[in-house]
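Enquirer: model the structure of this input:
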Amino acid sequence: MKGDAGQEAGRSGLRPPLAGLWLKEGRQIAGVTAAFIGAAVFWTAIRVMGQLDDVHFKIEEGFPPPYRVRLDWPSFFFPAFVLWLAMAQLGGERSRGLDRLTFFLPYARGTVFAVKAALGAAVIAAALLLSALVGFGLVAGSPYRDVVVFGPALGLRLGTLFVDALALYALAMLMGAIAGSGGYQVALTIIFGVYPAGVIGLLYLTAVVHVEALHLQPLVEHWAPVEWFRAHMQEIADAVIGLSPLLHFGESFFGLPGLLTGGADPAQEAAAFWRLVPYDLGMTAVFLLAGAAGYAANRLELSRRMLVVPALRPLFLVGIPVHFALLGGLIASGLVGGPMIGVGSLVRFYFGAAVLGGVVYWGTRQRIFGPPRRRRGAPAG
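Expert: The predicted structure is shown next:
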């Protein structure tokens, strides 16, 4: 929005002190910061104390030392809190109508976004560091400290968990910079957090439907692109997981080291985590730069619509329905009665694609161009 106080300050050459902005942004996330760090420390303490109880049992049963203690968290823990943190900083601010106040402070929008991102990164680092210190302290103060060791590559695991969380946080900040409310920010972050895996799956299954329906197996069996795909399955899996920030937290649920390396011994596990680091660092840089650009292009009058950056409207208006059209076609061809061969399968595919794609196009258009969603508690009209 042209003419806001931050842009006027930039044009006039005035550089107001940043202490007020840091204080304002810190107060805005004080609640989620306390909850994030408190929950991380509490979980770590409970988890380590439980493992020390196991050590006591193993000693009584005569198991030989050393006894291993791990610092870990549920797969959903960091993604949930990282999303909450980013939403409190951007999407929630819009949902409550506080974005106008922020934009009319005497700071450039790029500066505001940078302060928000720096605070968020500091909160994530503090949650990890304080949790680790609590875990170390509990082990050091226990009577079993001489026979207890932490899991292998603990520093690597904590470091990669931090950059994993940072990459997801950067994606959430990008989505918050272009989305008109907290709900849209969370939904877009989840979608794009698994987008590479999702789109690869949609395209692959769509190709399978057409090959099966038209009996093209003999023609594509030795087709060069198909053979290349088969020969590079592991590299493709690495790239898909690497470019899907939400999947980085699936170590315990998805068996991430095994997916990346084909095994899960300590050396392979360390290699798997190292292979994610370049993806994390690259995505963090790209997402934050794009987020700063999107934040600078915000239009205040579009708040509480799906998008607050007009230039992105055509991309989303076409892209979202196309993806759902493919999904609708797959559902119709595979779950509705009838064999998945012959012309009938393709008729069902395109019928399902037209129906779901059309419905989603109408809904997306309403969300992008329709009236903004009313704030909770705001009067109608």
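Enquirer: so which elements touch the helix or strand hosting residue 49?
Expert: Element membership of residue 49 [criterion: DSSP states H and E] is helix 30-61. With contacts taken as 3 or more Cβ pairs under 8 Å, 6 or more residues apart in numbering; DSSP states H and E, helix 30-61 sits against strand 67-69, helix 77-89, helix 109-140. Heads up, the C-betas are built off the backbone N, CA and C, glycines and all.
Enquirer: mind listing what's buried along the last one?
Expert: Neighbour counts over helix 109-140 (16 or more other Cβ atoms under 10 Å) mark 109, 111-117, 119-121, 123-124, 127-128, 131-132, 134-136, 138-139 as buried.
Enquirer: let's have the helices and strands packed on helix 30-61 in TSV, adding distance to residue 34.
Expert: Converted to TSV, these look like this (distance: least, Cβ to Cβ, whole Å):
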stretch	distance to residue 34
strand 67-69	27
helix 77-89	11
helix 109-140	10
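Enquirer: export those as JSON lines, with columns for distance to residue 23 and mean pLDDT.
Expert: Formatted as JSON lines, the helices and strands packed on helix 30-61 follow (distance: least, Cβ to Cβ, whole Å; pLDDT from 0 to 100):
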{"stretch": "strand 67-69", "distance to residue 23": "39", "mean pLDDT": "86"}
{"stretch": "helix 77-89", "distance to residue 23": "14", "mean pLDDT": "95"}
{"stretch": "helix 109-140", "distance to residue 23": "10", "mean pLDDT": "95"}
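Enquirer: closest to residue 245 out of those?
Expert: Nearest of the helices and strands packed on helix 30-61 to residue 245, taken as Cβ to Cβ: helix 77-89 at 8.6 Å.
Enquirer: mind giving me the packing neighbours of that closest one?
Expert: Checked by 3+ Cβ pairs under 8 Å, 6+ apart, helix 77-89 has helix 19-28, helix 30-61, helix 109-140, helix 154-178, helix 182-193 packed alongside it.
Enquirer: just for the stretch 151-300 of the chain, where's the confidence low?
Expert: The stretch 151-300 of the chain contains residues with pLDDT under 70 at 250-272.
Enquirer: let's see 90
Expert: 151-160, 180, 197, 201, 204-205, 207-242, 247-277, 299-300 (pLDDT under 90).
Enquirer: what's the closest of the helices and strands packed on helix 77-89 to residue 357?
Expert: helix 182-193 (16.3 Å).
Enquirer: buried set for that closest one?
Expert: 182-186, 188-190, 192-193.
Enquirer: TSV for those, including distance to residue 330?
Expert: Output for the buried residues of helix 182-193, formatted as TSV (distance: Cβ to Cβ, whole Å):
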residue	distance to residue 330
182	31
183	27
184	25
185	28
186	25
188	22
189	24
190	20
192	20
193	21
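Enquirer: and which of those residues is nearest to residue 172?
Expert: Checking the buried residues of helix 182-193 one by one against residue 172 (Cβ to Cβ), the nearest turns out to be residue 189, at 4.5 Å.
Enquirer: quick one: that closest one and residue 80, what's the gap?
Expert: To residue 80, residue 189 is 11 Å away according to Cβ to Cβ, to the nearest Å.
Enquirer: before we move on, what about residue 183?
Expert: 15 Å.
Enquirer: specify which member of the buried residues of helix 182-193 is nearest to residue 147.
Expert: Distances from residue 147 to the buried residues of helix 182-193, taken by Cβ to Cβ, are shortest for residue 193, at 40.9 Å.
Enquirer: surely that closest one touches residue 248?
Expert: No: here residue 193 does not reach residue 248: they are 9.2 Å apart, not a contact under Cβ atoms under 8 Å.
Enquirer: mind checking which of the helices and strands packed on helix 30-61 is nearest residue 41?
Expert: Closest among these, using Cβ to Cβ: helix 109-140, at 5.2 Å.
Enquirer: centre of the chain to the closest one, how far?
Expert: Remark: helix 109-140 is offset 17 Å from the chain centroid, using Cα atoms, centre = their mean, to the nearest Å.
Enquirer: equivalent analysis for stretch 183-203, please.
Expert: 9 Å.
Enquirer: distance between the ends of it?
Expert: 28 Å (Cα to Cα, to the nearest Å).
Enquirer: what do you get for stretch 300-318?
Expert: 24 Å.
Enquirer: in it, what's buried?
Expert: 302-309, 312-313, 316-317.
Enquirer: could you do stretch 288-295 as well?
Expert: Result for stretch 288-295 [16+ other Cβ under 10 Å]: buried residues 288, 290-295.
Enquirer: picking that back up, who touches both of residue 193 and residue 248?
Expert: Taking Cβ atoms under 8 Å, 6 or more residues apart in numbering as the criterion, residue 193 and residue 248 both touch residue 168.
Enquirer: tell me the contacts of the closest residue to residue 92 other than its chain neighbours?
Expert: Distance criterion Cβ to Cβ, 6 or more residues apart in numbering; nearest residue to residue 92, sequence neighbours excluded, is residue 182 at 4.4 Å. Applying Cβ under 8 Å, 6+ apart, we find residue 182 in contact with 87, 91-92, 94-95.
Enquirer: of the residues you listed, which pair is most distant in space?
Expert: Longest span within those, Cβ to Cβ: 87 and 94, 9.8 Å.
Enquirer: quick one: which of the two has more around it?
Expert: residue 94 (28 against 25; other Cβ atoms under 10 Å).
Enquirer: in terms of secondary structure, what does the helix or strand containing that one contact?
Expert: Assessed by DSSP H and E, residue 94 sits inside helix 91-95. Here helix 91-95 touches helix 182-193, going by 3+ Cβ pairs under 8 Å, 6+ apart.
Enquirer: centre of the chain to the helix it packs on, how far?
Expert: Using Cα atoms, centre = their mean, the mean C-alpha position of helix 182-193 is found 8 Å from that of the whole chain.
Enquirer: which other residues reach the very next helix or strand once past that helix?
Expert: Using DSSP H and E, the helix or strand that directly follows helix 182-193 along the chain is helix 195-213. By Cβ under 8 Å, 6+ apart, the residues outside helix 195-213 that reach it are 191, 216-217, 220, 236, 239-241, 243-244, 247, 323, 326-327, 329-330, 333-334, 340-343, 345-346, 349.
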